[in-house]
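**Q** Quick one, what's the 3D model for this:
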Amino acid sequence: MSSNSSGVAALVEPAAELTTDEVRRYSRHLIIPDVGMTGQKRLKNAKVLVIGAGGLGSPALLYLAAAGVGTLGIAEFDEVDESNLQRQIIHGMSDIGRSKAESARESIAEVNPYVEVVVHPERLDNDNVLQVFEGYDLIVDGTDNFATRYMVNDAAYFLKIPYVWGSIYRFDGQASVFAPSLADDAPCYRCLYPEPPPPGMVPSCAEGGVLGVLCASIGSIQVNEAIKLLTGIGDPAIGKLVIYDALELEWRKLKVRKDPNCALCGENATVTGLIDYDAFCGAVSDEAAEAAAGSTISVTQLEAMLKEREEGTRDFELIDVREPNEFEINRIPGARLVPKGEFLNGNALGDLPSDKPIVLHCKSGVRSAEVLAIVKGAGYSDAVHVGGGVVAWVSQIDPSQPAY
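**A** Below you'll find the predicted structure:
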């Protein structure tokens with residue numbers, strides 16, 4: 001087997017041959033000495049699983065298909081939403097409401113009919129992840145939540161499958177290769193991030209946003225690394241973290257060392273099987289969950305309360321803890337905007353009314369639960385928050401407003 005400059009052997013043996021049509025299609029690869037006929041045959045023989053057909057998965061799937069990867073797996077359970085189209089370029093207007101996996105399959109067929117596509121339309125969890133991963137040479141991870149990232153890392157480690165990881169948020173992106181099976185000193189994702197961030201600390205792309213074209217920047221890096229690993233060329237990003245700042249057009253590359261105390265791949269590992277990843281990462285902090293218990297109202301309850309407030313039979317303060325740009329998109333009528341950060345630094349507490357109840361809401365209920373814990377801690381014991389937030393309000397009460 002050939003190996004790249006770092007001594008890592010190609011993951012895949014070459015296929016027996018390329019057809020005449022394949023030679024014509026991949027000619028620009030074939031004339032690159034480092035790829036050549038052998039490298040292209042390796043790509044033809046490769047089996048790559050892409051997790052997610054979303055922001056990162058879209059460019060990754062299209063470029064892996066165009067490159068000639070013989071078998072592409074798509075692990076995706078979601079449906080195409082209009083808000084996806086700003087960045088998820090594998091889907092189009094006619095795909096709205098359809099399975100993302102099926103939409104991606106059709107797009108891949110248009111790009112390269114020689115690629116076999118295997119669809120895994122179920123949500124990955126502890127019961128199926130090992131079975132789904134089995135048989136693939138490489139995994140490209142385009143997930144957007146911490147629980148799934150840790151599960152992917154652990155499952156790939158147990159099956160000894162290397163994987164290419166990417167992450168995006170607003171204008172910033174990161175990418176790396178985690179492959180302890182390929183090198184003794186190679187770190188895993190837990191070596192880089194031993195613990196997930198505190199719940200509510202890092203908003204998801206759905207809450208914080210992402211520049212659409214950033215997906216292409218990081219997704220293409222992931223495919224570049226995948227091709228290097230599959231064919232055994234170049235120096236893969238094993239033990240390296242690539243960081244991209246799109247606003248400053250700045251790339252950085254940091255060294256990531258294997259952690260001898262890593263819970264998964266360290267000398268005295270404590271994670272020896274799949275764990276409860278939702279509990280490990282947490283959707284909200286323990287304080288927020290405790291505050292929200294018994295202090296959560298539905299949007300239908302809020303609608304009735306607002307009507308009573310209009311009639312003068314009830315009074316309360318409705319506070320939206322989202323960001324100003326979100327408030328411009330849609331809002332619950334009668335809400336006052338006070339971003340979550342103002343509660344975190346304490347500035348908002350002095351402006352809260354003491355003569356009437358406080359009702360908090362955000363986009364989905366996560367941030368408002370965190371603020372609720374702060375407000376209750378400040379002595380406002382009768383404060384509540386709205387479960388489902390603006391998302392639930394728009395879908396159930398006022399569908400005339402745009403969703404986001």
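**Q** drop to CA atoms for contacts and neighbour counts, all remaining ones
**A** OK.
**Q** How much space separates residue 155 from residue 246?
**A** 32 Å (C-alpha to C-alpha, to the nearest Å).
**Q** Neighbour count: these two, which is higher?
**A** Neighbour count, other C-alpha atoms under 10 Å: between residue 155 and residue 246, residue 155 has more, with 20 against 16.
**Q** Surely the more buried one and residue 128 touch.
**A** No: using C-alpha atoms under 8 Å, residue 155 is not in contact with residue 128; the gap is 10.3 Å.
**Q** who touches the helix or strand bottoming out on mean pLDDT in the chain?
**A** The helix or strand of the chain with the poorest confidence is helix 205-208; it has a mean of 74 (mean pLDDT, DSSP states H and E). By C-alpha atoms under 8 Å, 6 or more residues apart in numbering, the residues outside helix 205-208 that reach it are 144, 168-170, 363, 404.
**Q** and the residues you listed, which two are the farthest apart?
**A** Pairwise distances across these peak at 20.0 Å for 168 and 363 (criterion: C-alpha to C-alpha).
**Q** Check the gap between residue 81 and residue 103 for me.
**A** Distance from residue 81 to residue 103, by C-alpha to C-alpha: 12 Å.
**Q** hang on, the earlier thing: closest one of the contacts of helix 205-208 to residue 396?
**A** Nearest member of these to residue 396, counting by C-alpha to C-alpha, is residue 363, at 13.8 Å.
**Q** wait, isn't that closest one in contact with residue 386?
**A** No: with contact defined as C-alpha under 8 Å, residue 363 does not count as touching residue 386 (9.6 Å).
**Q** Would you tell me which helix is longest in this structure?
**A** helix 212-231 (DSSP state H).
**Q** Whatever helix or strand comes next after it pairs with which strands, and in what direction?
**A** Once the chain leaves helix 212-231, the next helix or strand it forms, by DSSP states H and E, is strand 240-245. Strand 240-245 pairs in its sheet with strand 172-178 (antiparallel), strand 250-255 (antiparallel), by DSSP bridges.
**Q** now these as a markdown table including mean neighbour count, distance to residue 296 and mean pLDDT?
**A** A markdown table is the format used below for the strands paired with strand 240-245 (neighbours: other C-alpha atoms under 10 Å; distance: least, C-alpha to C-alpha, whole Å; pLDDT from 0 to 100):
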| stretch | mean neighbour count | distance to residue 296 | mean pLDDT |
| --- | --- | --- | --- |
| strand 172-178 | 24 | 34 | 98 |
| strand 250-255 | 12 | 43 | 97 |
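**Q** Out of those, which gets nearest to residue 225?
**A** If you check each of the strands paired with strand 240-245 against residue 225 by C-alpha to C-alpha, strand 172-178 wins as the nearest, at 7.5 Å.
**Q** Which neighbouring elements make contact with the next helix or strand after the closest one?
**A** Using DSSP H and E, the helix or strand that follows strand 172-178 in sequence is helix 189-192. Counting contacts by 3 or more C-alpha pairs under 8 Å, 6 or more residues apart in numbering; DSSP states H and E, helix 189-192 is packed against helix 146-159.
**Q** Right, I'll call it a day here.
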